[in-house]
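[1] could you look at this predicted model? Sequence included:
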Amino acid sequence: MAELNITRSRQRLLPDPRRVLARPYLPGEEIILSGGSRSSLLLGRILGLTESEVTAQLASVMREFTTRHRAFGALLDRHFNLVAHNLGPGAQLSVDRCRLIGAYFTHEYAVEAAALFNPSIVPAPDQTGLAPGEQRVIMSLRAVGEGHISSIEFRSGTLDADGELRLDPSGPYLVGGQRTPSATYSKHHFGTKLGELDAGNALSASVMLRLPEHFTLTELEASIAELETNGLPPAILFETIKIIRVLAASSYVTAFPATSTISERVIFPAGPNETRGMEDARFVRFTHDDGISTYYATYTAYDGFGILPQLIETSDFVTFTISTLNGAAAQNKGMALFPRLINGKHMMLSRKDRENLHLATSTDVHYWNDVVELHKPSKAWELLQIGNCGSPIETPEGWLVLTHGVGPMRRYCISALLLDLDDPRRVIGRLRAPLLEPDASEREGYVPNVLYTCGALVHGSRLVVPYGFSDAGIAIATIALPELLTELRDAA
């Protein structure tokens with residue numbers, strides 16, 4: 001393999017434990033020996049404080065935490081409302097006592113204290129006011145905190161004419177999104193996913209039968225209620241209804257204050273299938289046939305036991321719609337969408353069998369059934385498994401696909417394939433050796449000997465590749481695109 005013109009930037013993003021999110025803290029609801037739950041016992045103790053004790057304690061909390069969180073008082077009010085139902089009807093409390101209760105049911109979570117890695121990068125929606133040759137970009141990052149819970153963060157910046165990335169200053173706060181249920185659900189997608197979750201039985205079929213083609217959560221609950229009145233044994237109903245409700249809760253909308261900056265927004269796990277994390281989001285700017293763009297991201301939802309591939313949609317990085325991916329081809333990690341339709345169909349890379357690279361096609365971005373094997377690992381540095389490193393990038397020579405290969409000592413390297421523009425099932429080029437390997441400064445970390453990216457982009461004549469190293473931080477490499485494409489063709 002010829003020596004490629006690769007430049008590793010000195011700029012690095014490292015985990016910062018000062019970046020904290022104020023999260024609801026709800027003590028375990030186990031029954032204590034006295035017969036009450038921990039939350040109700042805590043509320044009783046707070047109600048036993050005198051008003052002067054409440055005022056003094058709240059003042060201390062406000063002094064210590066107001067500068068760490070946006071609209072801190074309103075945040076405490078929201079967290080109070082999460083537990084207010086435990087107070088019983090007619091409870092009359094002062095504003096200070098309500099906010100202090102909110103503080104007792106709040107904790108700070110350092111979202112990236114353990115690790116920060118696996119970025120993707122896309123052009124930002126707003127490209128106004130730039131100098132010639134510049135491009136404004138948004139990076140998504142996988143952040144890991146206490147309990148190995150993964151969330152999705154963002155950074156913004158500008159690439160100059162030479163491909164150097166100038167990051168914008170990070171905002172002073174982190175803010176979580178306000179979660180609401182999906183406005184409507186597709187009966188076809190919902191029923192398909194129930195089958196995939198082994199809940200496609202007579203009970204779930206009767207629930208679905210009463211629903212229109214597009215239904216709301218209220219309509220779903222009404223159909224469930226009708227099933228519950230039919231006198232069936234609760235044990236028979238319980239598991240099916242549980243799966244139906246979990247599936248409904250897996251599709252939702254999360255929205256951030258428009259006044260927040262992109263670097264302040266954290267998509268924290270909110271659905272039941274992602275309680276242990278949202279992993280490896282692969283963002284891509286998808287251009288529809290009418291020229292309108294939507295940003296999609298595929299990610300892996302993890303609940304501590306199993307995984308579920310999910311989809312994020314946004315047009316502005318303020319409001320995000322999150323839903324399940326459905327179908328036999330949407331069953332594993334590492335799914336990455338092509339940035340446009342090809343021959344009238346969506347296409348997506350996947351690793352359906354955990355080892356080989358696959359290509360799925362569909363007429364519906366939420367539903368994937370048709371899949372073929374695309375490429376198998378064959379080189380010594382990738383024999384354990386191969387997968388994509390983000391969405392394919394369109395070039396005049398073909399679809400450029402960054403790949404990851406896992407070799408001896410579970411060492412991850414980044415390489416590349418080239419697919420035919422009109423028929424991406426055809427691999428027309430591949431590198432003989434890794435494009436990027438962990439160097440001496442990149443092999444130590446939370447997970448040693450790993451280089452990985454979830455997406456790159458072309459800027460001018462260079463490929464810009466942000467990548468995670470050993471789950472310890474994020475670096476950026478730029479690669480001469482003409483040289484890379486030449487090497488791919490010559491090595492075919």
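    Nice, thanks for sending it over. Numbering: from 1, shown residues only.
[2] from here on, contacts and neighbour counts on C-alpha atoms
    Will do.
[3] does anything pack onto the helix or strand encompassing Val458? Which helices or strands?
    Using DSSP states H and E, Val458 sits within strand 457-459. Applying 3 or more CA pairs under 8 Å, 6 or more residues apart in numbering; DSSP states H and E, one finds that strand 457-459 contacts strand 462-469.
[4] list the neighbouring strands of the strand it packs on plus their orientation.
    strand 451-452 (antiparallel), strand 457-459 (antiparallel), strand 473-480 (antiparallel) (DSSP bridges).
[5] now the ones you listed as TSV including distance to Asp490?
    Shown next, in TSV, are those (distance: least, CA to CA, whole Å):
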stretch	distance to Asp490
strand 451-452	25
strand 457-459	21
strand 473-480	16
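[6] just name the most buried of those strands.
    strand 451-452 (a mean of 29; mean count of other CA atoms under 10 Å).
[7] tell me which residues are up against the strand holding Val458.
    Ile121, Val122, Gln135, Leu159, Gly163, Ile393, Leu463, Val464, Val465, Leu481 (CA atoms under 8 Å, 6 or more residues apart in numbering).
[8] mind doing that once more with 7 Å?
    Ile121, Val122, Gly163, Ile393, Leu463, Val464, Val465 (CA atoms under 7 Å, 6 or more residues apart in numbering).
[9] list phi and psi for the closest residue to the fourth one other than its chain neighbours.
    It stands for Ile393. Using CA to CA, 6 or more residues apart in numbering and skipping residues adjacent in sequence, the residue nearest Ile393 is Leu400, 5.0 Å away. The phi and psi torsions at Leu400 (degrees, to the nearest 10) take the values phi -80, psi 120.
[10] least confident of the contacts of strand 457-459?
    Of all these, Gly163 has the smallest pLDDT value, namely 92.
[11] please tell me how far it sits from Ser156.
    Applying CA to CA, to the nearest Å, the value for Gly163 to Ser156 is 15 Å.
[12] quick one: the closest residue to Arg12 other than its chain neighbours from Leu451, how far?
    The spatially closest residue to Arg12, leaving aside those adjacent along the chain, is Ala475, at 4.8 Å (CA to CA, 6+ apart). Computed as CA to CA, the Ala475 to Leu451 distance reads 10 Å.
[13] picking up where we left off before, and the residue nearest to Arg12, bridged to which residues?
    Here Ala475, judged by DSSP bridges, has bridge partners Tyr467.
[14] about what we covered before: tell me the mean pLDDT for the strand holding Val458?
    Strand 457-459 comes out at a mean pLDDT of 98.
[15] tell me how far that strand lies from the chain's centre.
    22 Å (CA atoms, centre = their mean, to the nearest Å).
[16] try stretch 39-46
    So, by CA atoms, centre = their mean, the centroid of stretch 39-46 is 35 Å from its chain's centroid.
[17] please apply the same query to stretch 98-118.
    The answer for stretch 98-118 is 18 Å, by CA atoms, centre = their mean.
[18] now swap in stretch 206-220 and tell me
    28 Å.
[19] how is the chain divided into domains?
    6-16+111-179+251-490, 20-110, 183-249 (automatic domain parsing).
[20] intersection of neighbour lists for Ala475 and Leu451?
    By CA under 7 Å, 6+ apart, the residues touching both Ala475 and Leu451 are Tyr467, Gly468.
[21] so which of the contacts of strand 457-459 wins on neighbours?
    Each of the contacts of strand 457-459 was scored for neighbours by other CA atoms under 10 Å, and Ile121 scores highest at 27 neighbours.
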